[in-house]
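>>> sequence below, structure please.
(one chain, ligands or ions: 1)
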Amino acid sequence: MEFKIKKIETFTNVHISAVKLTMDDGSTGWGQMSTYCADITCEIFHRQIVPHILGVSFSSFESVENLILRKEHKFPGSYLLRAFSGIDTALWDWLGKIKRVSVVELLGGQPGKLRAYGSSMKRDITPKNEAQRLCKLRDEFGFDAFKFRIGSECGNGKDEWEGRTEEIIQIVPKALGHGVEKLVDANSCYFHIDAIEIGKKLIDNDISHFEEPCPYWLPNETKKVTEALEIDVTGGEQDCDIRIWQDLIDRKVTDIMQPDVMYMGGLTRALRVAEMANKANIPCTPHAANLSLVTICTMHFLKSIPNSGKYLELSIEGSDYYPWQVDLFDGTPFEVKEGQCSIPSGPGWGVDFNKKWLEKSSYKLCEI
Ligand SMILES: [Mg+2]
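I've put the predicted structure just below:
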């Protein structure tokens, strides 16, 4: 049976843009563009994606990707892919719905439980307070892995404030204790000499994952850190160009690859990166830093790939940090029990955007 894309609707605010796709037989699918500046992304979506695909028959995810990226070959960058993830993720949801299976099942996996690590986004928190809140979450939800922040974001080697990194890499692991895996993220802070020094201290403090130690646009810096340290050096969240991924993988710039489903341009392209990494025996621990659809997509993604990393990234930030993610979906799809999330088992992504949230957003419709 042939399905033609008949109607595309978007529901947008500055942080998030949800996409509803309707085929000519009335079947529907829901997706999301990447978060942040979603209003700008939505503009690109309606100018540079929608006109190419309205009226097009769906044959495969790759053919939709090829169509858009060829038509827009002068724009091989982040914004187009952030927008493209809206259509790709809506198509995956649609296909799951017409086949009455979850996306993870479309990919040959099974829904079920998935180990999560609690991911802190905060740097303005003192080491003592960070240790306290992570221990509380460990006790309340049974998390057995956490990530916290060191250095300052793209900070040229500078700490968030003097002494914070030295302090937090001692205090937090000690408080969490054995049996809890400890991960840190430097968000492109250091050059390799400092990163290697810090990496040795991370090892001394039972930390097993060193994320984005060096500016991500300087892979040779990162590679030196990977080669010097026994600890897992990780990265890739910012990268969306397949050529860059091929280079990172070919040269084993990091030990673990961290594509972000939405920055990549959707699940189809994220799966491609995972496959490339798998061929090189490199695990994927995807990036998913907020509780919008990106984390739902990542659950399905992680459970379906052979080289999945040890856990799902699950943001621990609430309404004080991410007020815009509150009540985005019906129900509680991110609930954690004994340190595990449950992949929604319903058709497609298995979640529904909350009607009240949709009503408050800015609406746009394109139809043939
Ligand atoms: Mg990161």
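
>>> for the rest of this, base every contact and every neighbour count on C-alpha atoms.
Fine.

>>> list the contacts for the nearest residue to L312 once chain neighbours are set aside?
Spatial nearest neighbour of L312, excluding adjacent residues (C-alpha to C-alpha, 6 or more residues apart in numbering): A116 at 4.5 Å. By C-alpha atoms under 8 Å, 6 or more residues apart in numbering, A116 lies in contact with F143, A145, Y311, L312, E313, L314, G339, Q340, C341.

>>> and the residue nearest the centre of the chain, how far from C366?
Closest to where the C-alpha atoms of the chain average out (C-alpha atoms, centre = their mean) is A288, at 2.6 Å. Remark: distance between A288 and C366 (C-alpha to C-alpha, to the nearest Å) = 29 Å.

>>> and the end-to-end length of stretch 247-260?
OK, stretch 247-260 end separation, C-alpha to C-alpha: 17 Å.

>>> I'd like the average pLDDT over that stretch.
The average pLDDT for stretch 247-260 rounds to 98.

>>> let's verify the residue nearest to L312: helix, strand, or coil?
Here A116 is recorded as strand under DSSP: H, G, I helix; E, B strand; the rest coil.

>>> offset the numbering so it begins at 665, please.
Fine by me, first position is 665 from now on; the one you just mentioned is A780.

>>> can you mark which positions in the lengthiest helix in the chain are buried?
Counting residues, the longest helix found in the chain (DSSP state H) is helix 742-763. Neighbour-count burial for helix 742-763 flags 742-761 (criterion: 16 or more other C-alpha atoms under 10 Å).

>>> what of stretch 772-780?
By 16+ other C-alpha under 10 Å, the buried positions in stretch 772-780 come out as G773, Q774, P775, K777, L778, R779, A780.

>>> roughly how far out does it sit from the chain middle?
Put simply, stretch 772-780 sits 16 Å off its chain's centre (C-alpha atoms, centre = their mean, to the nearest Å).

>>> between the two ends of that stretch, how far is it?
Start to finish, the residues bounding stretch 772-780 are 21 Å apart (C-alpha to C-alpha).

>>> what's the following helix or strand after the host helix or strand of V958?
For V958, the host element (DSSP states H and E) is helix 957-968. As assigned by DSSP H and E, the chain's next helix or strand after helix 957-968 is strand 976-979.

>>> now the strands for the stretch 715-864 of the chain?
777-783, 809-813, 845-849 (DSSP state E, counting those that start in this stretch).

>>> distance to L798 added to these, as a markdown table?
Output for the strands of the stretch 715-864 of the chain, formatted as a markdown table (distance: least, C-alpha to C-alpha, whole Å):
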| stretch | distance to L798 |
| --- | --- |
| strand 777-783 | 8 |
| strand 809-813 | 7 |
| strand 845-849 | 11 |
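
>>> which of those strands sits closest to H964?
For the strands of the stretch 715-864 of the chain, proximity to H964 was assessed by C-alpha to C-alpha; strand 777-783 is nearest, at 9.7 Å.

>>> show me the helices in the stretch 765-914 of the chain, by range?
Counting by DSSP state H, counting those that start in this stretch, the stretch 765-914 of the chain has helices at residues 767-770, 791-805, 828-840, 856-868, 883-892, 906-914.

>>> and L978, what are its bridge partners?
As for beta bridges, L978 partners with G782 under DSSP bridges.

>>> verify the stated contact: it with L955.
Yes: with contact defined as C-alpha atoms under 8 Å, L978 counts as touching L955 (7.5 Å).
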